[in-house]
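Student: For reference, the sequence and a predicted model appear below.
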Amino acid sequence: MTSTGTDSRLKLAVLGSGRGTNLQSIMDACAGGAIPVQVVCVLSDVKDAYILERARHGGIPAEFVDAGPFRTKLEGAGEKRYIERLRHYGAEAVALAGFMRIVKRGLLDAFRGRILNIHPALLPAFPGLESWKQALDYGAKVAGCTVHLVDEGTDTGPIVVQRAVPVLEDDTPETLHARIQEQEHIAYPEALRALASRRVRIEGRRVRMGQKA
């Protein structure tokens with residue numbers, strides 16, 4: 001995870017499928033000098049995803065890349081296309097920001113220990129889809145978000161940052177999700193700062209850094 005020339009910032013690629021609000025928080029943190037990171041490209045598996053527009057408005061190269069025929073996973077020829085574009089832009093690390101496909105071994109091996117994902121729950125509780133709704137249905141008193149390194153499992157990689165929010169008595173899935181997203185926009189830059197400064201043991205086991213109670 002080294003940079004060339006005089007620019008020592010971590011070269012980051014962002015993958016997303018939707019609106020890109022976490023990308024915006026990363027872009028804002030980069031622009032304000034809060035994190036030593038440069039977003040070198042944004043790739044999406046959805047042609048009209050707004051995350052691509054956000055990137056272009058910020059002067060960041062943004063591309064739709066065909067992910068292949070599988071709707072929920074990235075593998076085969078589609079995976080190879082993503083790896084080629086990431087290498088083209090000189091990406092050293094990858095942030096998944098609402099990328100709605102499971103990352104498989106090819107991409108994991110290409111960026112081993114350098115792929116981050118954000119999940120709207122306090123892992124290991126409530127992995128999988130609509131975790132904020134899972135928390136409400138379970139009757140949890142606290143919810144939140146987790147940024148973790150991606151491994152071969154589903155939401156099982158080493159934890160980097162967690163931020164918590166209380167579950168209110170009158171919460172709906174929508175209101176709880178909105179408050180969790182506010183914390184996501186803080187957590188992702190925190191995790192990237194840790195990754196860029198090499199304070200995360202990327203080849204190690206579970207590590208908790210910057211955890212918020």
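Tutor: Good, I have the coordinates. Numbers count the residues shown, from 1 in each chain.
Student: Which segments of the protein make up each domain?
Tutor: Here the domain parsing of the chain from automatic domain parsing is 8-111, 118-213.
Student: Can you tell me which of those domains has the worst average pLDDT?
Tutor: Lowest mean pLDDT within the domains of the chain: domain 118-213, a mean of 87.
Student: looking at this, Ala95 is in a helix?
Tutor: No. Applying DSSP: H, G, I helix; E, B strand; the rest coil, one finds Ala95 to be strand, outside a helix.
Student: could I get the domains of the chain as CSV with mean neighbour count?
Tutor: C-beta: built from backbone N, CA, C; applies to glycine. Formatted as CSV, the domains of the chain follow (neighbours: other C-beta atoms under 10 Å):
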stretch, mean neighbour count
domain 8-111, 18
domain 118-213, 18
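Student: so what does the helix or strand where Ala13 lies touch, helix or strand wise?
Tutor: Per DSSP states H and E, Ala13 falls inside strand 10-16. Using 3 or more C-beta pairs under 8 Å, 6 or more residues apart in numbering; DSSP states H and E as the contact definition, the elements that strand 10-16 packs against are helix 21-31, strand 37-44, helix 50-57, strand 93-96, helix 173-196.
Student: nearest to Ser8, of the ones you listed?
Tutor: Across these, Ser8 has its closest neighbour in helix 173-196 (9.0 Å, C-beta to C-beta).
Student: Counting by contacts, list what the closest one packs against.
Tutor: For helix 173-196, the elements it packs on are strand 10-16, helix 21-31, strand 37-44, strand 93-96, strand 115-119, helix 131-138, strand 142-149, strand 159-166, judged by 3+ C-beta pairs under 8 Å, 6+ apart.
Student: roughly how far is the longest one from the heart of the chain?
Tutor: Just to be clear, that refers to helix 21-31. A distance of 12 Å separates the centroid of the chain from that of helix 21-31, by C-alpha atoms, centre = their mean, to the nearest Å.
Student: Same check on the first one?
Tutor: Once both centres are worked out by C-alpha atoms, centre = their mean, strand 10-16 turns out to sit 9 Å from its chain's centre.
Student: same question, the fifth one
Tutor: With C-alpha atoms, centre = their mean as the basis, the distance from the averaged C-alpha position of strand 115-119 to the chain average is 4 Å.
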